[in-house]
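Trainee: what's the 3D shape of this:
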Amino acid sequence: MTGHDRVMGVLEGRGADRTPLLPILHSGLAGLCGVRLGEYFTDAATMARVAVEGCRRFGFDGVQLSLGVTGEAESLGAKVDQPPDGGPVLRQHLLADLSNLDKLRPRDAACRGRMPLFLDALKRIRSEAGSTLFSLATLRGPLNITAQLRGIEDTLVDMIERPDRISRVLDFAVDVAIAASQATLSASADGVIFGEATCSPNFISPEFYRRLVLPRHVRLVQALRLMGWKVIGIHVCGNILPILDDLISTGADLIDVDYQVPAGQAIELAGGRVTLRGNLDPSSVFRFGDAAKVRAQTRELCLVVSDARWILSGGCDIPPGTPAENLQAFAETARGV
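Mentor: Numbering: from 1, shown residues only. Now for the predicted structure:
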C-alpha cells in the first residue's frame, strides 16, 4: 500500500496493512533539511521541499502543512513579523476594537497575506509526491481565529461577560475558515484539519465549548462537506475527554488526541465512530527524549492502538530542534523495522 492508501484506509474504516504514520510535524522538519524558519515560512518551494523530503527521509505516510497560527489574521490585514529563524509573530489584534469588525472581509482569507504561498506549497507537494503521500492542510478554526483577531484575554472576558458580542466575532470567524477552506480545496490537498487549541478543556470549560463553539464547528463541517472536502479534522490540545463526544458530533473524520489522554480511553469512548490520531508527548518523548525512549513509547502505543482506527503521531506539533534520530526511531519502530 502507498502512504496515501494506508491513511485513507483507516480514515474510511477499511483498515490498512499497518497503522499509518502521519505526525503533526510542520516547521520541525526545516532545520533537519538545513533550512532556517524565516526561509521556510516565506518561500513556497522551500516549504514543499522540506515537507516531501522529510516525509520520504523518515518513511511517513503523509505530510502536514501549516502557516502557523497567524495565517488567517495576516490574510485579513494584521501586522505579522517574520523572525529569521522562528515562526511568524502576530503584532496586531485587528478586533481589539470590535467596531472594526464590519471593515473586515472573510473572502480575504482566501487570497491575501501568505495564503497564496500556502496554496502554492500544497500544489507543489502534490506535483512532487503525486498520489503516493497523503497531504493534510492545516487551517485555524473559529475560536483560534477569534483569539488571533480579538486577543486571548479579551476573548475569554467576552465569553464570560459579553457572549452576544463574541458570538458575532465567532460567526465571522466561521466565514473566514470557510473562505480559507474553499481556496485550499483548489490546491489538491487530501484533507484539511482545523487547529483549535483554545477549545481545550484546559483553557475553556466544556460548557463554554458546547454553547459557543460546537454549533460553529457543526456549521463549518457541513459547509466543507457541501464544497467537496472528503477528509475533515479537528485538533484540540490537552485533555479532550470531556468534549470528545462533542467533537465527534461535529461530523469530522479525524480527531487529534493529545498526550494527556490515555489512548485506550479515547478509543473506548470513540467506539469506532471516527479516526483518532496521536499521541506521544512531543516534548518529553520527541524533543528531549532519546531514541531508546522513543522506541519504547512507540511500541507501547502501537500495542494499544493496533486494532483501532488510529494514525500514529505526536499528541501535538513536534517542535523544531527534535533530533532526527528520534524521528527515525519512531518511524522504524512503528513500521516494525
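Trainee: and for the closest residue in space to N202 that isn't next to it in sequence, the neighbour number?
Mentor: Leaving out its chain neighbours, the residue that sits closest to N202 by CB to CB, 6 or more residues apart in numbering is G238, at 3.7 Å. Where C-beta positions appear, they are placed from N, C-alpha and C, glycine not excepted. Counted by other CB atoms under 10 Å, the residues lying close to G238 total 18.
Trainee: for G238, give me its contacts.
Mentor: 200-203, 258, 260 (CB atoms under 8 Å, 6 or more residues apart in numbering).
Trainee: swap the cut-off to 10 Å and go again
Mentor: Applying CB atoms under 10 Å, 6 or more residues apart in numbering, we find G238 in contact with 197, 199-203, 258-261, 315-316.
Trainee: in the stretch 1-150 of the chain, which spans are strands?
Mentor: Ranges of strands in the stretch 1-150 of the chain, per DSSP state E, counting those that start in this stretch, are 62-65, 80-81, 89-90, 134-140.
Trainee: okay, those strands in JSON lines with mean pLDDT and mean neighbour count next?
Mentor: Shown next, in JSON lines, are those (pLDDT from 0 to 100; neighbours: other CB atoms under 10 Å):
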{"stretch": "strand 62-65", "mean pLDDT": "96", "mean neighbour count": "25"}
{"stretch": "strand 80-81", "mean pLDDT": "97", "mean neighbour count": "16"}
{"stretch": "strand 89-90", "mean pLDDT": "97", "mean neighbour count": "16"}
{"stretch": "strand 134-140", "mean pLDDT": "98", "mean neighbour count": "26"}
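Trainee: quick one: the helices in this structure?
Mentor: Here the chain has its helices, by DSSP state H, at 3-11, 37-40, 44-58, 71-75, 115-129, 142-150, 152-161, 163-185, 206-208, 214-227, 244-249, 263-270, 291-305, 324-335.
Trainee: of those helices, which is nearest D85?
Mentor: With CB to CB as the measure, helix 37-40 is the member of these nearest D85 (5.1 Å).
Trainee: mind exporting the C-alpha coordinates of the closest one to CSV?
Mentor: Taking C-alpha atoms only, helix 37-40 is exported to CSV below (Å, rounded to 0.1, in the frame of the first residue of the first chain):
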residue,chain,number,x,y,z
LEU,A,37,12.5,29.0,9.6
GLY,A,38,12.5,32.5,8.1
GLU,A,39,13.0,31.0,4.7
TYR,A,40,10.6,28.1,5.3
